[in-house]
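Novice: dropping the sequence and predicted coords here.
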Amino acid sequence: MKRTFLKTVAAAVLATVAAGSAFAADITGAGASFPYPMYVKWAEAYKKETGTGLNYQSIGSSGGIRQIRAKTVAFGASDAPMGAADLDKDGLVQFPAIIGGTVPVVNLEGFKPGELRVTGPVLADIYLGKIAKWNDLKLAALNPGKALPDQAITVVHRADGSGTTFNFTDYLSAVSKEWADTVGKNASVKWPAQSSVGGKGNEGVAANVTRVKGAVGYVEYAYVKKNNMTFLQLQNADGKYVSPDDKTFAAAAAGADWFSVPGMGISMVNAKGAESWPISTASFILMYKDPADKAQSAEVLKFFDWAFKNGKAMAAELDYVPLPDSLTAEIRAKVWSQIKK
């Protein structure tokens with residue numbers, strides 16, 4: 001009798017915990033690690049204001065697409081936008097949520113953030129494995145007067161299917177014909193450099209660059225700031241060397257024609273403009289036009305509606321670029337209107 005009573009109490013406690021967990025994470029999403037710091041910040045503020053939580057899994061863009069297709073989350077997130085054919089086939093809509101930048105970072109002693117410069121073609125040669133040491137003549141020519149070390153370069157890349165990789169390889173394809181012809185752009189590619197290390201998520205790449213002396217990698221700018229990483233200045237399409245921040249990301253996005261492409265999946269890499277950061281990108285949200293759980297879908301829209309209206313200052317704190325009000329108004333009218341309530 002006593003044992004039965006204890007089992008009943010234990011079951012009741014587990015049920016209460018489960019119910020509490022469900023209440024604390026009313027909205028479910030998964031995907032890109034690129035916007036993860038932003039979504040966490042928005043979610044904390046949103047829960048304080050509304051009581052509705054967000055459970056977002058930072059598993060990479062490819063994982064986000066898999067999860068939304070499997071209908072295990074209310075929204076997927078990807079930095080590699082889906083094409084019109086796939087969106088139509090899966091019955092999905094797609095819209096940008098935030099703008100940021102992918103940044104080359106290094107682990108080199110004695111150099112400050114932004115002290116070293118690199119061009120797109122030279123960065124491509126590093127990732128092709130054609131430049132294997134930091135004192136290579138091509139790097140020395142771009143950085144006169146700098147004592148570059150006779151140190152091997154270890155290339156760090158994403159080990160998972162990644163929108164950050166899609167945008168990084170999109171950029172390398174735009175600035176290097178050899179890269180475009182031999183590797184190309186995709187969420188996952190075969191990395192040609194012999195000395196290379198993979199990391200899962202932006203978190204994993206940042207950790208490996210920090211750990212390996214002489215490493216070079218690519219991460220979203222929020223991870224640069226969070227981990228106090230040394231970034232490279234990058235030459236843009238106008239021939240100017242620029243540093244990553246919200247102003248240079250915004251400059252790259254200034255001329256974006258969002259509705260020129262089905263699903264708003266435009267590319268901003270190598271954008272014109274003297275202040276433009278060359279690897280700027282948007283992160284996208286994927287939702288069903290006819291969701292199985294319409295209540296959950298409605299909560300997602302409430303969350304992003306709140307974020308678009310109230311999250312601009314929080315985005316700026318992390319050096320993301322919030323979408324302008326004119327664009328979010330168009331998203332509500334042209335995209336969200338397709339989602340059945």
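Specialist: Looks like it came in fine.

Novice: which residues touch K334?
Specialist: F259 (CB atoms under 8 Å, 6 or more residues apart in numbering). (Each C-beta comes from the backbone N, C-alpha and C, glycine too.)

Novice: hmm, 10 Å instead?
Specialist: 93, 95, 258-259, 264 (CB atoms under 10 Å, 6 or more residues apart in numbering).

Novice: go through those and say which is closest to Y39.
Specialist: Among the contacts of K334, F95 lies closest to Y39 (CB to CB), at 14.7 Å.

Novice: quick one, phi psi at that closest one?
Specialist: Per-residue torsions, F95: phi -150, psi 150 (degrees, to the nearest 10).

Novice: that one and R211, how far apart?
Specialist: In this view, F95 and R211 are 37 Å apart by CB to CB, to the nearest Å.

Novice: in the chain, which segments are predicted with low confidence?
Specialist: 1-25 (pLDDT under 70).

Novice: apply 90 and report the result again.
Specialist: 1-26, 161, 255, 319 (pLDDT under 90).

Novice: which stretches of it form helices?
Specialist: Listed in chain order, the helices found in the chain under DSSP state H are 2-24, 36-50, 61-70, 84-90, 120-128, 137-142, 163-175, 177-182, 201-211, 221-226, 246-253, 294-310, 312-317, 325-334.

Novice: thinking again about what came up before, pick out whichever of the contacts of K334 sits closest to S58.
Specialist: F95 (19.6 Å).

Novice: make TSV out of the contacts of K334 and add distance to V106 and neighbour count.
Specialist: Listed next are the contacts of K334 as TSV, based on distance: CB to CB, whole Å; neighbours: other CB atoms under 10 Å:
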residue	distance to V106	neighbour count
V93	39	19
F95	34	24
W258	33	18
F259	38	14
M264	33	22
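
Novice: look at L139 and say how many residues are nearby.
Specialist: For L139, the neighbour count with other CB atoms under 10 Å is 21.

Novice: that one and S283, how far apart?
Specialist: Separation of L139 from S283 (CB to CB): 31 Å.

Novice: I'd like the distance between I65 and S78.
Specialist: I65 sits 6 Å away from S78, going by CB to CB.

Novice: now list whatever residues contact both of the two.
Specialist: Joint contacts of I65 and S78 (CB under 10 Å, 6+ apart) are 31-32, 161, 163, 187, 286.

Novice: of these, which belong to strands?
Specialist: 31, 286 (DSSP state E).

Novice: nearest to A274, of the shared contacts of I65 and S78?
Specialist: Nearest to A274 among these, with distances taken as CB to CB, is G163, at 27.0 Å.

Novice: residues in contact with that closest one?
Specialist: Contact analysis of G163 by CB under 10 Å, 6+ apart lists 31-35, 60-62, 64-65, 77-81, 102, 187, 220, 281-284.

Novice: likewise I266?
Specialist: Applying CB under 10 Å, 6+ apart, the residues contacting I266 are 81, 96, 253, 256-260, 281-282.

Novice: between those, which is nearest S176?
Specialist: Here the nearest of the contacts of I266 to S176, counting by CB to CB, is T281; it sits at 18.2 Å.

Novice: run a quick neighbour tally on the nearest residue to that closest one once chain neighbours are set aside.
Specialist: Distances taken as CB to CB, 6 or more residues apart in numbering put N167 closest to T281, at 4.4 Å, once the chain neighbours are dropped. For N167, the neighbour count with other CB under 10 Å is 30.

Novice: so N167 touches F34, yeah?
Specialist: Yes. Applying CB atoms under 10 Å, one finds N167 in contact with F34, separated by 8.4 Å.

Novice: spit out the residues that contact those two alike.
Specialist: 61, 79, 100-102, 220, 281-283.

Novice: output those as a markdown table; include the columns distance to L232.
Specialist: Shown next, in a markdown table, are the shared contacts of N167 and F34 (distance: CB to CB, whole Å):
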| residue | distance to L232 |
| --- | --- |
| S61 | 24 |
| D79 | 20 |
| G100 | 17 |
| G101 | 12 |
| T102 | 12 |
| E220 | 15 |
| T281 | 17 |
| A282 | 22 |
| S283 | 22 |
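
Novice: in strands, which of those fall?
Specialist: Filtering the shared contacts of N167 and F34 for strands - DSSP E - leaves 100-102, 220, 281-283.

Novice: and of the residues you listed, the nearest to S337?
Specialist: When these are compared against S337 (criterion: CB to CB), the nearest one is A282, at 20.3 Å.

Novice: beta-bridge partners for the closest residue to the closest one other than its chain neighbours, please?
Specialist: Counting by CB to CB, 6+ apart, A282 lies nearest to P96, which is 3.9 Å off, once chain neighbours are set aside. With DSSP bridges as the criterion, P96 is bridged to F284.
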